[in-house]
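Asker: Predicted model follows, preceded by the sequence.
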Amino acid sequence: MKKIIALLLSALMVMSLFAGCGKKDDGGKASDGDGEKGTIGVCIYKFDDAFMTTYRNSLEEILKGKGYKVSVVDGNNDQAKQNEQINTFISQGVQALIINPVMTSAADQIISTVKDAGIPTVLINREPTAEQMAAYDKLVYVGCDAAQSGTFQGELILDTANKGDINGDGKVSYIMIQGDPENIDAQLRTEYSVKALKDAGVEVEQLNLTRGDWDRNRGQEIAANDLAQFGDQIEVIFCNNDDMAIGALQAIQAAGRKVNEDIYLVGVDALDAALNEVKNGNMTGTVLNDAVGQATEAVNQMEKLLSGTTYSEGNQSVYVPYVKVTPDNVGDFMS
Ligand code: GAL
C-alpha cells in the first residue's frame, strides 16, 4: 500500500512539474498548451557561409521533424540587421530563439534583449564569455572547444613524415589564413595549431598571417599572393576553416605545388569538398566541426530551456567534440 501511495505521489509531482513548466515556458502565444508546438526563430550571422549553411539546414530539419514551426533569417553579416530580426521575432511571440551572433562583441546587447523579453535562447557558433552569459539564466551556448580544433590541426602536421619540416632546415615555415579575427574560433585555432607544434618541441616560423574571413575566394587570393612572395619557403598552410583551404588548394595547384609532397594543407569543418580532397591526397587533413551534432544539441538544449531548466555561471556552455580527419578515417565521414 505504502508503495502505491508513494508511486501515486511521485506521479502527481511529475505531473505538476510539467503543468508548471507549461505555464512558465510557453513564451506567450506561440504555444497553446495542448501540445501544439510554437515557432522557433533562428538567426544566422550570414547565409553565405559554407559551414553555417550545413548547420542551418540541419537545425531546420531537426526542428521541423519535432513539429516546430521554424523561421530562419539571414543577418547578412550585419549586427544592426540581426538586432532588428531578434526584435521582430520577440514581437511575433516566438517560443524560443536560436542565435548565431554576427559579432561576438554584440553578446551583451543580445543577451539583455532576450532577457528583457524572457525568451529562452540558445546561442550558437560564437561563444560569449561565461560572465556575459551569467546575466540570463534561460540562456545556453552550444558549440565546440575552439582550442581543440587548433590543437588537432597542429597534430595533423606533427603526424606527417617530417613533422612539417619538408626542407629539413630545422623549422616549420608556415602561413596562417585566418577567419574573422573577431571570432574566438579564429583566434584559438590560430594560436593552438602553432602551439601544438611548439609544445612538441618543433621550431616554427610564421611567414605571414592574413585574415580571410572564412571565405573561399579570400583563401585562394591570400595563398596565391603568399606563394608568389615566399615560394618554396612555405611548408605548411594553416587555414582556420575548410572553405579557405579549398581556395588555398586552387592557388597551390596553380603554383605547381603538390600537397603532402612539397607542402602541407589543413583546414577545419570537414565540408564535403574538403573530405574529397583529404581522400584524394590534396589536403593533409581537416577537423570535423560537427554541424549535425551541434544542431542536435542546440535543439536539445532549447527543449530543456522550454521545460524549465535554468543555467548559472560556469555551466552555460555545452561543447560537441571535434574529430581529427585524416586519409585513414576520412571514409567514416563521407556520405
Ligand atoms: C566556424 C567555422 C567557419 C565559419 C565560422 C562562422 O566555426 O569553422 O567555417 O562557419 O564558424 O562563425
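Answerer: Sure, I can see it.

Asker: any chance you could map the helices in the stretch 101-250 of the chain?
Answerer: 107-117, 130-133, 146-158, 184-199, 216-230, 242-254 (DSSP state H, counting those that start in this stretch).

Asker: The ligand is nearest to which of those?
Answerer: helix 184-199 (4.3 Å; Cβ to the nearest ligand atom). Every residue, glycine included, has its C-beta placed from N, CA and C.

Asker: which helices and strands does the closest one pack with?
Answerer: Where contact means 3 or more Cβ pairs under 8 Å, 6 or more residues apart in numbering; DSSP states H and E, helix 184-199 is packed against helix 146-158, strand 172-178, strand 204-211, strand 236-239.

Asker: hey, which of those is tucked in deepest?
Answerer: strand 236-239 (a mean of 30; mean count of other Cβ atoms under 10 Å).

Asker: export it as CSV, just CAs?
Answerer: Once non-C-alpha atoms are left out, strand 236-239 reads as follows in CSV (Å, rounded to 0.1, in the frame of the first residue of the first chain):
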residue,chain,number,x,y,z
VAL,A,236,52.6,24.4,-44.2
ILE,A,237,49.4,26.4,-44.9
PHE,A,238,47.1,26.5,-41.9
CYS,A,239,43.6,27.6,-42.7
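
Asker: other SSEs contacting that strand?
Answerer: strand 172-178, helix 184-199, helix 216-230, helix 242-254, strand 264-266.

Asker: Any regions of the stretch 51-200 of the chain where pLDDT drops low?
Answerer: Applying pLDDT under 70 to the stretch 51-200 of the chain flags no residue at all.

Asker: so which helix or strand takes in the closest residue to the ligand within the stretch 51-200 of the chain?
Answerer: Using Cβ to the nearest ligand atom, the single residue of the stretch 51-200 of the chain nearest to the ligand is residue 51, 3.4 Å away. Per DSSP states H and E: residue 51 is located in helix 50-65.

Asker: continuing past that helix, what's the next helix or strand?
Answerer: strand 69-74.

Asker: Other residues contacting that next one?
Answerer: Outside strand 69-74, the residues that touch it by Cβ atoms under 8 Å, 6 or more residues apart in numbering are 37-44, 46-47, 56, 59-60, 63-64, 85, 89, 94.

Asker: And stretch 76-89, what's buried?
Answerer: Across stretch 76-89, burial judged by 16 or more other Cβ atoms under 10 Å covers 77, 79, 82, 83, 85, 86, 89.

Asker: surely residue 262 meets residue 232?
Answerer: Yes. Using Cβ atoms under 8 Å, residue 262 is in contact with residue 232, at 7.3 Å.

Asker: can you count the residues close to the residue of the stretch 201-335 of the chain found nearest the ligand?
Answerer: In the stretch 201-335 of the chain, the residue that lies nearest the ligand is residue 241 (3.4 Å; Cβ to the nearest ligand atom). Other residues lying near residue 241 total 31 when counted by other Cβ atoms under 10 Å.

Asker: Surely it is in contact with residue 179?
Answerer: Yes. The pair residue 241 and residue 179 qualifies as a contact (Cβ under 8 Å) at a distance of 5.7 Å.

Asker: Touching both of those two, which residues are there?
Answerer: residue 214.

Asker: before we move on, the earlier item: what does the residue of the stretch 201-335 of the chain closest to the ligand show for phi and psi?
Answerer: Main-chain torsions, residue 241, degrees, to the nearest 10: phi -150, psi 170.
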